[in-house]
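> Generate a structure from the sequence data that follows.
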Amino acid sequence: MPLRIPDKLPAIDILKKENIFVMDDTRAHTQDIRPLKIVILNLMPLKITTETDLIRLLSNTPLQIDITFMKLKSHTPKNTPIEHMMMFYKDFDEIKEQKYDGMIITGAPVETYDYEDVGYWNEITKIFDWAKSHITSTLYICWAAQAGLYHHYGIPKYGLKKKMFGIFEQHCLDPFLPIFRGFDDIFFMPHSRHTEIRKADILKDKRLTLIAESEESGVSIVMANGGREFFITGHLEYAPNTLDQEYKRDLGKRDDVDMPKNYYKDDNPDNNPVVRWRAHANLFFTNWINYYVYQETPFDINLIK
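Residues are numbered from 1 along each chain as shown. All right, here's what the predicted structure looks like:
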């Protein structure tokens with residue numbers, strides 16, 4: 001698809017090698033159409049990896065998408081060159097007067113902290129509140145899903161004795177929802193987290209709808225406001241080798257992380273991962289863009305409210 005992303009973003013060369021069509025700003029300006037505007041608040045430590053993972057999934061639609069990357073003013077990333085952040089990312093203050101068709105807020109490695117103890121909590125909650133009136137539909141992923149559910153709806157999180165780590169079966173609870181159009185009854189999702197939210201808390205709040213869950217990994221996807229908000233507890237966007245990298249990073253350093261479940265061929269970490277989530281990940285993001293962003297957003301983006 002004609003993904004419109006900043007010139008010279010490293011993801012461009014990576015995705016072109018995968019035969020994914022992306023369009024830099026220079027070429028996009030020659031097309032006389034109104035692109036969808038998507039803003040990505042990237043909280044993950046490895047910014048370039050996450051950029052590539054998300055752009056790969058957003059590429060599976062014929063619509064032109066104009067992507068903006070947002071960073072937090074109150075947090076300086078340690079694992080991404082400052083030059084990259086200055087070139088490709090904007091502070092909230094730079095974009096807060098604008099409106100966007102869609103927004104993605106990623107996970108972050110702060111889940112074991114109380115929310116109020118996270119250094120950028122005050123800033124990110126302002127962004128959460130801003131999204132309600134400036135975004136047609138927002139995807140909250142992993143920690144952002146837990147944080148968004150806590151901030152907007154008071155849903156607590158709970159610590160786990162062992163990290164929820166691996167690839168787990170998920171069940172669609174309402175297969176006729178547009179977000180699940182084309183889905184099988186069972187799909188797979190990577191999970192990588194030390195905390196959880198619980199079904200009983202979700203069901204108590206009539207504003208929330210649990211739309212996917214797992215017998216093993218629990219709450220999977222929660223929807224609110226008719227699809228203006230989706231809270232995803234796992235990582236559909238993960239590349240095939242991401243859990244492998246996380247496992248080998250933590251091996252021998254933590255006693256609460258076991259080998260990722262249902263991931264390596266024959267459960268042998270010397271073997272390659274078995275990728276079982278890619279097709280549904282592409283379908284989920286395509287359905288989100290089509291049915292909850294494109295079909296719902298006004299042509300005049302300033303009419304979003």
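> Stretch 267-283 - what's its average pLDDT?
Taken as a whole, stretch 267-283 carries a mean pLDDT of 96.
> Show me what counts as buried in it.
273, 275, 277, 280-283 (16 or more other Cβ atoms under 10 Å). (Glycine included, C-beta is placed from N, CA and C.)
> which one among these gets closest to Tyr89?
Distance to Tyr89, by Cβ to Cβ, is smallest for Ala281 among the buried residues of stretch 267-283, at 24.2 Å.
> where in the stretch 1-150 of the chain is pLDDT low?
1-5, 7, 12, 15-33 (pLDDT under 70).
> Do a quick rundown of the strands in it.
3-5, 22-24, 36-41, 65-71, 89-91, 100-105, 135-141 (DSSP state E, counting those that start in this stretch).
> Run through the helices of the stretch 1-150 of the chain in chain order.
Counting by DSSP state H, counting those that start in this stretch, the stretch 1-150 of the chain has helices at residues 10-17, 25-28, 47-58, 82-88, 92-95, 121-134, 143-153.
> could you dump those helices to JSON lines with mean neighbour count and distance to Thr112?
Listed next are the helices of the stretch 1-150 of the chain as JSON lines, based on neighbours: other Cβ atoms under 10 Å; distance: least, Cβ to Cβ, whole Å:
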{"stretch": "helix 10-17", "mean neighbour count": "15", "distance to Thr112": "30"}
{"stretch": "helix 25-28", "mean neighbour count": "13", "distance to Thr112": "39"}
{"stretch": "helix 47-58", "mean neighbour count": "22", "distance to Thr112": "20"}
{"stretch": "helix 82-88", "mean neighbour count": "14", "distance to Thr112": "25"}
{"stretch": "helix 92-95", "mean neighbour count": "14", "distance to Thr112": "25"}
{"stretch": "helix 121-134", "mean neighbour count": "16", "distance to Thr112": "14"}
{"stretch": "helix 143-153", "mean neighbour count": "22", "distance to Thr112": "10"}
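> thinking again about what came up before, please tabulate the strands of the stretch 1-150 of the chain in TSV, including the columns mean neighbour count and distance to Asn302.
TSV is the format used below for these (neighbours: other Cβ under 10 Å; distance: least, Cβ to Cβ, whole Å):
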stretch	mean neighbour count	distance to Asn302
strand 3-5	24	20
strand 22-24	20	24
strand 36-41	23	11
strand 65-71	22	15
strand 89-91	17	19
strand 100-105	25	11
strand 135-141	26	12
